[in-house]
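**Student:** mind looking at a prediction? Sequence and model below.
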Amino acid sequence: MAERNVFQSVHRIVRAIPAGRVMSYGQVGELAGCNPRTVGWAMATAPENTPWHRVVGVNGTLPVGKRSPLAESEQRERLIGEGVHFDTAHTVDMARSRFGIMESDTLHFGNSDSDSSIE
């Protein structure tokens, strides 16, 4: 199923985001070839080894809070624990914390079947 392949792509991309950095749903979607909403659906079904908390709104918001205030609190605590900077108590400082593909010559998305990369 195509949806499963897209979700797997999203999960691989998110696992490649380093601790202390974040990407927006739109950034992940651009790399995975889907829209930000699909990234959100993929995050809702992410395997345990996927650092879902490193995906935030384009302006540094934590949209998971719309669904669950407890999940928003957990996301914020995890990000702060990794050293992510917040402008306020509610917004990630994207200028300091955003991870971009241009920061690396090649961003690797390892998985159990094979390694793929985006250059």
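**Tutor:** Right, received. Where do you want to start?
**Student:** every contact and neighbour count from this point should use C-alpha atoms.
**Tutor:** Will do.
**Student:** and the pLDDT at the spatially closest residue to Gly40 that is not a sequence neighbour?
**Tutor:** Leaving aside its sequence neighbours, Gly40 sits nearest to Tyr25 (CA to CA, 6 or more residues apart in numbering; 7.0 Å). Predicted confidence (pLDDT) for Tyr25: 97.
**Student:** show me what stretch 27-44 is in contact with.
**Tutor:** Applying CA atoms under 8 Å, 6 or more residues apart in numbering, the external contacts of stretch 27-44 come out as Val6, Phe7, Ser9, Val10, His11, Ile13, Val14, Tyr25, Gly26, Trp52.
**Student:** which SSE is the fifth one in?
**Tutor:** Under the assignment given by DSSP states H and E, the secondary-structure element containing His11 is helix 2-15.
**Student:** which parts of the protein are helices?
**Tutor:** Secondary structure of the chain (DSSP state H): helices located at 2-15, 25-32, 36-44, 69-81, 94-97.
**Student:** ranking those by burial, who's on top?
**Tutor:** helix 25-32 (a mean of 20; mean count of other CA atoms under 10 Å).
**Student:** distance of the residue nearest to Gly40 relative to Val58?
**Tutor:** Distance, Tyr25 to Val58, using CA to CA, to the nearest Å: 7 Å.
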